[in-house]
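Participant: no sequence for this one, just the structure:
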């Protein structure tokens, strides 16, 4: 109906000659009227259909129209969801205009670290609604961490606006893959060196392993073997900038190290950084670091890793998944990577941290929603264990099996399906689930929140090579076992998600840019020029108003220590 | 985001079929213009307005349209003088900060950087514009010499194809082409097999090559596309001119330089004037995707800077300040180019 | 009248050129050989990116990641196209893109040429100020937010109008058309005027037919611009799936595939369970092909108007 009217308007307009008339004909188009059903917090039911408009910032696709979970929502709850999916790349532009327009869908799921929807006044404060007791799952979800989850800035009233979409855990946290930062090394290097002990790793030992192997195998599949790769492309420069903090035993706090007095300061210009880049500079001139490192685009980096020729690099585990997948599909498991944790003398490694709650990212209810209670009820219902299993595992019997012992498992076919994006668009609600609050950790029946976290599921998918490799390292069962046991997070942790003012953000960006500009010159420069190049870098850092940034981070830490 | 950035470099141009050799028409033009200036008919009187009511009806509604869609929204430039936060009410309910945003951009650490990115933007743009224009003209002339029509069409069809690939893909291909031979760098392979270099050159690590790389990559992508209007202008030339020249015994090159080039000169001139205003709006993708720390002193352009310090930081005000700066420079450049063209009795924009 | 409409096609010149005996001088042979060789080499260089993209799009995703593919796929696979064409929104979006492009081209050519005609008339008293006002719009942009608010205030959010109403005039094309029209010999206009034609008739019946080559070029520019744009969909129409466009949907698919590449390994820690997993690099190529091929086909149709169509050259004063 709506579209016909539109096209009709178009056809009419085409015949007119004057613009004025055209403009008039076009402006007079009906806007769609909002759903005027009564808003109450009764359980959602098919007898009382509800349509929810939902904004989701996600890289996931909207479900296909015949999606089976969509149908289930309709059949069981009477809920129809109208999606507006904005990809992270487009978020900046779309948030700006949407806020300026002032009209929002019922639910807003945002991943915006700058909290523009929240601070722009688009979201409803939810504390009072939760107190009514009508939303038991949500209330239980936020109870322990309400302070952490609440907004504490000064742009709008303090309180709870957004339910974090990830990393609010229930019970024991399981999982098999390590996605965090590490120095990675190919399994064949370790195998060749006789599976050396990986504890007490140092930079020297790490590069020694690589250099020994490279000397023995200068060629890989016909291409020159690359000792160490550095990805310095914009937006992914952490592979180059973050290692000093990790080497010094500090967990990932972004651009700062927080000392034992909870005082934060940048480390880019400190000795822990200088020492690391000095090593890289030496390795570069020794020919171990790829001379193409700094010109690689992300695609080229992935391609190099995927050829199997790169022996090691520093990166975050999730960043090179495509390359790993390619290597595995080619049966080159020995060319895939294991994380190792080099540190400076006398330092305990703290690479793996406890997963940090995604505060200020997730769903909130908009101020323009005419049915906030229903919208909130929907989030509450989705957080029930029954729906969480449906969203995460799928439908029992179809997408997974429940064993006699109550343990969930999948067949190869089911695993295969779950990786097929076309299949998923018909059978999963990935976009919605990406923003929903989740029951991560374990369900009350002992099953893990998702198949990926189910230990048996993980081990079953490992190749024989990997199983054998793990066996050589004391019968480890997961890649996580190669990492340090994450200590309890400090109360303020992590400093990188402290909300900064525009000025401090700008300083932070300037610091990043200075690193991206100077570090390649330092690493690729002549060893004799190292001190001179380093000084140039330090000087350019000192031109930046670093204090503005450090002060804000410290204020944020203080605030968290007092309130969290 | 502006017209300028989206329509890259030499996307198109004024088309002018030459009806007579330009040299003789120039003198006439000059005379005509002089006469027009003195012409009493050019005075605006109600009678004349009424007599031109049809022309007014054709233009005034569209003028109002343009004012509504292009000029009215310029009130948004108020953001340049604010600490703008979207959502806090209308554009006029914001915190006013005077010239702070201008100071932030033009002084201090940002200022130093901004001066550098302006130089880079101009360098890359001017080089791209020169290489692109010359390349397109030469290709148009050479294509014009292909007398086999199907071959000519196929050649033209192929040369314009790269225009339809995104900059990401083109940058990616360029990056591979410029890499080491072991990574597929065929340029190095070629240079080495011709013994022009002994060791492969890491082109993308050399600051001095960067502007050239940008210009060369743009040429690759846009050459055929930029040729379209020149070709169209050439095909509109009266064949009689060539015939007459042949009777006079003119050879291929005389015809090229005395007929073809003068005939498409208005096209070239209009295009250069238009593009002169876009010198600060170089395409942002190439410097962004091909740039790296080693060449950043030469690679970073205004648009890259604005992306990082404006949009990515949610600092809308800074982006608008940069936009205003670009507009002012553009208007000065176009005005000067137009004036220069007028002085030289060439085709002008206005 | 008869004098003005003698639009003799280039064919005349070609046939005449062919019938006239060419002087096959040595110079001519050398030039033709060199020129053809050079242009063929150039064409090879120019077609390479597209063939390369095609080859990658037809390659197995996991294999394509390794790079090094030339113009022939290494491990042939249609999985990338499978993913693209399995996207349920794609057909609707394709239709919308075509409709949008057709409407934008039609309205843009209509209004821009009408205005260009008025501004090409030397006697038009407001010619200069109006031209200046349009020329300036090439060099500034009010910014996303005010533009968005204007569309919103005009009630055009989530409507087809948002696609074409804001773009009915392009200053750039206006200048091209005006410059061309200015060069149409005055005697053609004058003789039509003596025949009693008004300005509208003059524009539509006399000038427009003479402008066909330029209109074809401008039409091509507008069509390509409209076909490739997705920002308008994002800003104005992203909450109505029935208004989505091909470029916007493909752009979203690309982002989601990058994510899928990350997640597929995240999902199990291993790719050994197989499955239809493609990779961002391979999928991007398929997306590029799907986005570019329809518009690539427009060109040959328009090409005939400006590569071989000589319209007014034969008019002699």
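Facilitator: It's in. From a predicted model like this one, the values you see are computed outputs, not experimental measurements.

Participant: How many residues are close by residue B:246?
Facilitator: Here the number of neighbours of residue B:246 (other CB atoms under 10 Å in any protein chain shown) works out to 14. Placement of C-beta: from N, CA and C, glycine included.

Participant: and the spatially closest residue to it that is not a sequence neighbour, what does it touch?
Facilitator: Excluding its sequence neighbours, the residue lying closest to residue B:246 (CB to CB, 6 or more residues apart in numbering or on different chains) is residue B:255, at 7.7 Å. Residue B:255 makes contact with B:242, B:245-246, according to CB atoms under 8 Å, 6 or more residues apart in numbering or on different chains.

Participant: Quick check: mean pLDDT of the strand or helix carrying residue B:255?
Facilitator: Taking DSSP states H and E as the definition, one finds residue B:255 inside helix B:252-255. Taken as a whole, helix B:252-255 has a mean pLDDT of 88.

Participant: Surely residue A:456 is in contact with residue A:409?
Facilitator: Yes. Taking contacts as CB atoms under 8 Å, residue A:456 lies within contact range of residue A:409: 6.7 Å.

Participant: between those two, who's got more neighbours?
Facilitator: Neighbour count, other CB under 10 Å: between residue A:456 and residue A:409, residue A:409 has more, with 16 against 13.

Participant: all helices of the stretch 151-300 of chain B, in order?
Facilitator: B:167-177, B:186-193, B:210-235, B:239-247, B:252-255, B:261-276, B:285-290, B:296-299 (DSSP state H, counting those that start in this stretch).

Participant: For residue B:151, which of those helices is the nearest?
Facilitator: helix B:210-235 (14.2 Å; CB to CB).

Participant: Could you tell me how far the closest one lies from the centre of the chain?
Facilitator: 11 Å (CA atoms, centre = their mean, to the nearest Å).

Participant: Is that helix positioned near chain C?
Facilitator: Yes. Judged by CB under 8 Å from any CB of the partner chain, helix B:210-235 comes into contact with chain C at B:220, B:223-224, B:228-229, B:231-232, B:235.

Participant: Next, count neighbours for residue B:67.
Facilitator: 12.

Participant: again, but for the one 3 residues further on
Facilitator: The tally of other residues near residue B:70 (other CB under 10 Å) stands at 23.

Participant: contacting residues around the nearest residue to it once chain neighbours are set aside?
Facilitator: Residue nearest to residue B:70 in three dimensions, not counting chain neighbours: residue C:137, with 4.4 Å by CB to CB, 6+ apart. By CB under 8 Å, 6+ apart, the contact list for residue C:137 reads B:3, B:66, B:70-71, C:171.

Participant: need the residues you listed in CSV with secondary structure and pLDDT, can you?
Facilitator: Compiled in CSV, those are given as follows (DSSP: H, G, I helix; E, B strand; the rest coil; pLDDT from 0 to 100):
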residue, secondary structure, pLDDT
B:3, helix, 37
B:66, helix, 95
B:70, helix, 94
B:71, helix, 95
C:171, helix, 94
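
Participant: Could you work out the most separated pair of those residues?
Facilitator: B:3 and B:71 (13.7 Å).

Participant: okay, those two: which has more neighbours?
Facilitator: Each of residue B:3 and residue B:71 has its neighbours counted (other CB under 10 Å); residue B:3 has more, 18 against 14.

Participant: ok, and the closest non-adjacent residue to the residue in the stretch 351-500 of chain A positioned nearest to chain B?
Facilitator: Of all residues in the stretch 351-500 of chain A, the one sitting closest to chain B is residue A:500 (9.5 Å; CB to the nearest CB). Taking CB to CB, 6+ apart, and ignoring the residues beside it in sequence, residue A:500 has residue A:552 as its nearest neighbour in space, at 5.3 Å.
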